[in-house]
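Novice: After the sequence you'll find the predicted model.
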Amino acid sequence: MSVAAPVRSRFYNTLTGTEPLLFHAQGYHDFKPVWPRIRAHVFGAAPRQIGQSDRVTVLTCNNGHDAMGLFEDSCAHLGVPVVVAGREFTEWSNAVHKPQAILNALADIRTPWVLHADSRDAILAGDPDRLVDDMARDFAGADMVFGGCQLSWPNAEDLSSFELGLPGSESSDYKHLNGGLWIARTDFARELFSAVLATEPHPAAPESEQGKLRKLFPNYYPRIVIDYGLRMFHNVGFTFVDTYDERSS
């Protein structure tokens, strides 16, 4: 007698018609109305044992600070192995140690793709192997995709002007690069984060790697693009209307 596969609910965005696989609640504020539902959707479901993909390695940075670890918890709930970078650093500045920790980890990654999410405030909602197919279908020609954000941070005209002029930005609220979620070809990630490490921080955010990434974005476009349509990533920290619907698979 065969046993039916468990029915899993899908977290469907009714506004975009997409099912993002990673969520990021960026921003130091408490009004994030969709975030509790995302957490309940992932952690309220039965645990899974997805296992290691042959195509993509999951990566995060965590030097052991008490605030970190939510992303790793979501991966553990899904049975997805995650490479944790940054344990070698007791002191931490995102502008310096985050790109260095990523580079250190990339030296040992052998899959063709690498997926990164912030440890403190990101959640994986399903099998990361799906994103490799999403890249081929929706972002052919790109080497790297970042999640987009409604907020330009650091708030600097020299960073936002380039992003606002890109094709696709005019039809999306998520116009600005956010460094919390990305997927890249592993070789390209090594190239980019070597450049990030060698780049001076933006004066508007001297402790952040995000200003450095946004400074470099024009040099690498269109090898780097933004997920304007929330096909893979949703940065929900400044999303104040819940447009999600849970549907059976």
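Specialist: Thanks, I have it.
Novice: Going by neighbour count, which residues in the lengthiest helix in the chain are buried?
Specialist: Secondary structure of the chain read by DSSP state H shows that its longest helix is helix 186-198. Buried positions in helix 186-198, judged by neighbour count with 16 or more other Cβ atoms under 10 Å: T186, F188, A189, R190, E191, L192, F193, A195, V196, L197. To be clear about C-beta, it is placed using only N, CA and C from the backbone, and glycine gets the same treatment.
Novice: quick one: the helices in the chain?
Specialist: Under DSSP H, the chain gives helices at 35-43, 70-78, 97-106, 130-138, 157-164, 186-198, 210-220.
Novice: Tell me the gap between the third one and the middle of its chain.
Specialist: When you say that, I think you mean helix 97-106. 16 Å (Cα atoms, centre = their mean, to the nearest Å).
Novice: name the helices or strands packed onto that helix?
Specialist: strand 56-61, strand 83-85, helix 186-198 (3 or more Cβ pairs under 8 Å, 6 or more residues apart in numbering; DSSP states H and E).
Novice: try 10 Å this time
Specialist: strand 56-61, strand 83-85, strand 113-117, strand 176-185, helix 186-198, helix 210-220 (3 or more Cβ pairs under 10 Å, 6 or more residues apart in numbering; DSSP states H and E).
Novice: Would you convert these into JSON lines that also reports mean pLDDT and distance to E157?
Specialist: Converted to JSON lines, the helices and strands packed on helix 97-106 look like this (pLDDT from 0 to 100; distance: least, Cβ to Cβ, whole Å):
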{"stretch": "strand 56-61", "mean pLDDT": "98", "distance to E157": "29"}
{"stretch": "strand 83-85", "mean pLDDT": "98", "distance to E157": "33"}
{"stretch": "strand 113-117", "mean pLDDT": "98", "distance to E157": "27"}
{"stretch": "strand 176-185", "mean pLDDT": "98", "distance to E157": "12"}
{"stretch": "helix 186-198", "mean pLDDT": "98", "distance to E157": "21"}
{"stretch": "helix 210-220", "mean pLDDT": "98", "distance to E157": "12"}
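Novice: low-scoring pLDDT stretches of the chain, where are they?
Specialist: 1-7, 249 (pLDDT under 70).
Novice: residue nearest the centroid of it?
Specialist: Among the residues of the chain, L181 comes closest to the average C-alpha position under Cα atoms, centre = their mean, at 1.3 Å.
Novice: bridging residues for that one?
Specialist: L181 has these beta-bridge partners by DSSP bridges: A117.
Novice: ok, and the closest non-adjacent residue to L21?
Specialist: Spatial nearest neighbour of L21, excluding adjacent residues (Cβ to Cβ, 6 or more residues apart in numbering): G126 at 5.1 Å.
Novice: Any figure for the gap between the one you found and V114?
Specialist: Distance from G126 to V114, counting by Cβ to Cβ, to the nearest Å: 17 Å.
Novice: between those two, which one's more packed in?
Specialist: V114 (24 against 20; other Cβ atoms under 10 Å).
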